[in-house]
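K.L.:
Pasting a predicted model and its sequence here:
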2 protein chains.
Amino acid sequence: MSLIIIGTVAFDAIETPFGKTDKIVGGAATYASLAASYFYNKVKIVGVIGDDFGQENIDTFTEHHIDTEGLQIKEGEKSFFWAGKYHNDMNSRDTLATELNVLETFDPIIPDSYQDCEYLMLGNLTPIVQQTVIKRLKKRPKLIVLDTMNFWMDIMMSDLLETIKLVDVLTINDAEARQLSGEYSLVKAAQKILTMGPKYLIIKKGEHGALLFGDGKIFSAPALPLAEVFDPTGAGDSFAGGFIGYMAKVGTVNFNNMKNAIIFGSALASFCVEKFGIEKILNLTEEEVKARVQEFVSLSSFTIEA
Amino acid sequence: MSLIIIGTVAFDAIETPFGKTDKIVGGAATYASLAASYFYNKVKIVGVIGDDFGQENIDTFTEHHIDTEGLQIKEGEKSFFWAGKYHNDMNSRDTLATELNVLETFDPIIPDSYQDCEYLMLGNLTPIVQQTVIKRLKKRPKLIVLDTMNFWMDIMMSDLLETIKLVDVLTINDAEARQLSGEYSLVKAAQKILTMGPKYLIIKKGEHGALLFGDGKIFSAPALPLAEVFDPTGAGDSFAGGFIGYMAKVGTVNFNNMKNAIIFGSALASFCVEKFGIEKILNLTEEEVKARVQEFVSLSSFTIEA
């Protein structure tokens, strides 16, 4: 039994109002697998890097008990690189550089030892690559979660729709839910998207929390109001990783467990943005995670007598 | 003991993607007092109308046990009139007409029978008029709630700051909280605003719910995800009216009661937007309100074992 996470493993250069970094480790699969590792100890990564990535960075995964057999290293090539600059509001950013490098020819390999996959997180990547991973698993996982973005809706909508058909949970933001469905109301958008394949839809609203739709129900999760967002990079991926890591831990797929998984995912995302890159989610203690989740409980609980 | 609500009592002409109205009854005090009347039966209104308002519209208040002794009627003058058109997203609107009419010279009169005021809702009006009401009450109410908007921050900031000093609860939206404090982070904005006078701050985020700050705590209330918002006019006022009406009903000012008051206020706002103008909040049953509040409970509750 294992949880496979596929996505980018990359270098980022980030500029925020609080400072800037040189090349640091980033990528959707990096954030998601680290976040998941706090809940589940059989996390396995699928991705591709160049020989510039460095053994010490691969060791980071190993230290978190993340299996890297599915992480291809392309000799003589460079890792995916993204550079971006966040505006003062931290909600919008400019992409300064996108160098695909090894990603251009990425053909995901699923090692035999990964065929015990029960939980599959398809991090943001081309829909074709995401679909390939599903097809290369001999047994369909119990839960497939797909994260995607507006970019693929703009240029590969039909491939994306084919891929979405195959998954259980789709995670996108509110603007993307509107784009995918053509509906402004998120309730109507969700109704439409839930006819496209997924049984559950998670709409990520950043500082406004998240909505879960499915089983004819809706759950509204709060976001933790933060005095300072230091670097938003990876928040969505940490959320997704925390979500599926928690689901793998509890082992039963239902709406109630997904509600809690969203709270744990939100907790990981709230840690992620407190420092640059993956720094903050490298060394969390179980107590810190529990205490953060309790903040979400206090934040949103109220008692009204029926 | 009573709850005084001051604000506009007016005519509106509204255009939304779903249709348009001729002049219909509107105004902050109208929405707020109707909403409050579902929780408390000693609601008293302070406002001004022209002789065009019509006895049948005044009767609407009376039918909801709302005292209109403080509602001045200016013979030979016209009521305040606002016309607006909502865009497709329902979150932005154009003002097509604003005719102040009787509001231009509005000097609020507090009848002797209103001097038993324990709860005071200062609906959106010039800060000077809001302040005058506080000063004309011989005994300071137990709870003063003030609603205002960016317009007064733009043109009368110093008057507004003077008025804010005198109140217990301030209700504004997120953009206004940022404008008032000069802080982008809502946590920092709240910290700053809570040094300006109010002990509690409610930040209204429309479709994203509301945040309550005070007593060193934060509460995040969800908004009910709606398939259709028919007409957003009056939602904020219905929220404020439901909030203070519930506070008057329970009678004890503390953070926990305010959390519930926000849920009841949100429930009234969610009804308000389902039809044009005040139509929907004219004839709600206790059962409908209870059922709507239960939807908020289901929407946001989760159980995580500590």
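P.N.:
Noted; the coordinates are in hand.
K.L.:
quick one: the strands in the stretch 201-306 of chain A?
P.N.:
All strands of the stretch 201-306 of chain A, identified by DSSP state E, counting those that start in this stretch, fall at A:210-214, A:217-221.
K.L.:
Serialize those to TSV and add fields for distance to chain B and mean neighbour count.
P.N.:
All C-beta atoms are positioned from the backbone trio N, CA, C, and that covers glycine. Below are those laid out as TSV (distance: least, CB to the nearest CB, whole Å; neighbours: other CB atoms under 10 Å in any protein chain shown):
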stretch	distance to chain B	mean neighbour count
strand A:210-214	6	23
strand A:217-221	4	23
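K.L.:
how about JSON lines for those strands, with distance to B:L34 added?
P.N.:
As requested, those are exported to JSON lines (distance: least, CB to CB, whole Å):
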{"stretch": "strand A:210-214", "distance to B:L34": "30"}
{"stretch": "strand A:217-221", "distance to B:L34": "26"}
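K.L.:
could you dump these to CSV with mean pLDDT?
P.N.:
Below are the strands of the stretch 201-306 of chain A laid out as CSV (pLDDT from 0 to 100):
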stretch, mean pLDDT
strand A:210-214, 98
strand A:217-221, 98
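K.L.:
Of these, which is nearest B:T60?
P.N.:
strand A:217-221 (33.6 Å; CB to CB).
K.L.:
Need the residues that contact that closest one.
P.N.:
A:187, A:190, A:209-212, A:255, A:258-259, A:262-263, A:266, A:296, A:300, B:209, B:222-223, B:225, B:298-300, B:302 (CB atoms under 8 Å, 6 or more residues apart in numbering or on different chains).
K.L.:
what are the pairing partners of it, and which direction each?
P.N.:
strand A:210-214 (antiparallel) (DSSP bridges).
K.L.:
Can you tell me the closest non-neighbouring residue to the residue in the stretch 1-150 of chain A that chain B sits nearest to?
P.N.:
Closest approach between the stretch 1-150 of chain A and chain B, counting by CB to the nearest CB: A:D89, at 5.9 Å. The shortest distance from A:D89 to any non-neighbouring residue, by CB to CB, 6 or more residues apart in numbering or on different chains, is to B:Y184 (5.9 Å).
K.L.:
Doesn't that neighbour lie inside a strand?
P.N.:
No. With DSSP: H, G, I helix; E, B strand; the rest coil as the criterion, B:Y184 is located in coil rather than a strand.
K.L.:
can you list the weak-confidence ranges in the stretch 201-306 of chain A?
P.N.:
When residues are selected by pLDDT under 70, those of the stretch 201-306 of chain A lie in A:306.
K.L.:
what does it put close to chain B?
P.N.:
A:205, A:207-209, A:211, A:217-223, A:225-229, A:256, A:259-260, A:263, A:290, A:293-294, A:297-304, A:306 (CB under 8 Å from any CB of the partner chain).
K.L.:
Next, count neighbours for the residue of the stretch 51-200 of chain A found nearest chain B.
P.N.:
Here the residue of the stretch 51-200 of chain A nearest chain B is A:V187; by CB to the nearest CB that distance is 4.2 Å. The local packing of A:V187 (other CB atoms under 10 Å in any protein chain shown) involves 16 other residues.
K.L.:
residue nearest the centroid of chain A?
P.N.:
Residue closest to the mean C-alpha point of chain A, counted by CA atoms, centre = their mean, is A:D237 at 2.7 Å.
K.L.:
now the strands: where do they sit in the stretch 51-200 of chain A?
P.N.:
Counting by DSSP E, counting those that start in this stretch, the strands of the stretch 51-200 of chain A are A:66-74, A:80-86, A:93-99, A:117-122, A:143-147, A:169-173, A:200-204.
K.L.:
hang on, isn't A:V25 packed against A:G277?
P.N.:
Yes. Using CB atoms under 8 Å, A:V25 makes contact with A:G277 at a distance of 6.5 Å.
K.L.:
what sits against A:T95?
P.N.:
A:W82, A:A83, A:G84.
K.L.:
would TSV of these with neighbour count be doable?
P.N.:
Shown next, in TSV, are the contacts of A:T95 (neighbours: other CB atoms under 10 Å in any protein chain shown):
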residue	neighbour count
A:W82	19
A:A83	18
A:G84	17
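K.L.:
With distance to A:K138 and pLDDT as added columns, please give these in JSON lines.
P.N.:
JSON lines is the format used below for the contacts of A:T95 (distance: CB to CB, whole Å; pLDDT from 0 to 100):
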{"residue": "A:W82", "distance to A:K138": "33", "pLDDT": "95"}
{"residue": "A:A83", "distance to A:K138": "39", "pLDDT": "95"}
{"residue": "A:G84", "distance to A:K138": "38", "pLDDT": "94"}
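K.L.:
Looking at these, which is nearest B:N101?
P.N.:
A:G84 (52.2 Å).
K.L.:
Now do the helices in the stretch 101-250 of chain A.
P.N.:
According to DSSP state H, counting those that start in this stretch, the stretch 101-250 of chain A carries its helices in the segments A:127-136, A:150-155, A:157-164, A:174-181, A:186-193, A:235-250.
K.L.:
Relative to A:S33, which of the strands of the stretch 201-306 of chain A is closest?
P.N.:
Between A:S33 and the strands of the stretch 201-306 of chain A, the shortest gap by CB to CB is with strand A:210-214, which sits at 20.3 Å.
K.L.:
Hey, what's the angle from that closest one to helix A:186-193? Just curious.
P.N.:
Strand A:210-214 runs at 50 degrees relative to helix A:186-193, counting by axes from the mean of the first three to the mean of the last three CA atoms, to 10 degrees.
K.L.:
how far does strand A:210-214 sit from the chain's center?
P.N.:
Relative to its chain's centre, strand A:210-214 lies at 16 Å (CA atoms, centre = their mean, to the nearest Å).
K.L.:
same deal with stretch A:63-79?
P.N.:
18 Å.
K.L.:
can you check stretch A:279-297 too?
P.N.:
With CA atoms, centre = their mean, you get 18 Å for stretch A:279-297.
K.L.:
who touches that stretch?
P.N.:
In contact with stretch A:279-297 (CB under 8 Å, 6+ apart) are residues A:31, A:34-35, A:38, A:60, A:221-222, A:224, A:234, A:238, A:263-264, A:266-268, A:270-274, B:304, B:306.
K.L.:
separation between A:F39 and B:E288?
P.N.:
To B:E288, A:F39 is 41 Å away according to CB to CB, to the nearest Å.
K.L.:
same check, this time on A:I193
P.N.:
Taking CB to CB, one finds A:I193 at 30 Å from B:E288.
K.L.:
of the two, who's got more company?
P.N.:
Taking other CB under 10 Å, A:I193 and B:E288 do not tie; A:I193 has more neighbours (23 against 14).
K.L.:
Distance to chain B for the contacts of A:T95 - can I get that in TSV?
P.N.:
Converted to TSV, those look like this (distance: CB to the nearest CB, whole Å):
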residue	distance to chain B
A:W82	24
A:A83	23
A:G84	19
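K.L.:
Run through the stretch 1-150 of chain A and note the low-pLDDT ranges.
P.N.:
Applying pLDDT under 70 to the stretch 1-150 of chain A flags no residue at all.
K.L.:
Up against chain B, what does it have?
P.N.:
So the stretch 1-150 of chain A meets chain B at A:N88, A:D89, A:M90 (CB under 8 Å from any CB).
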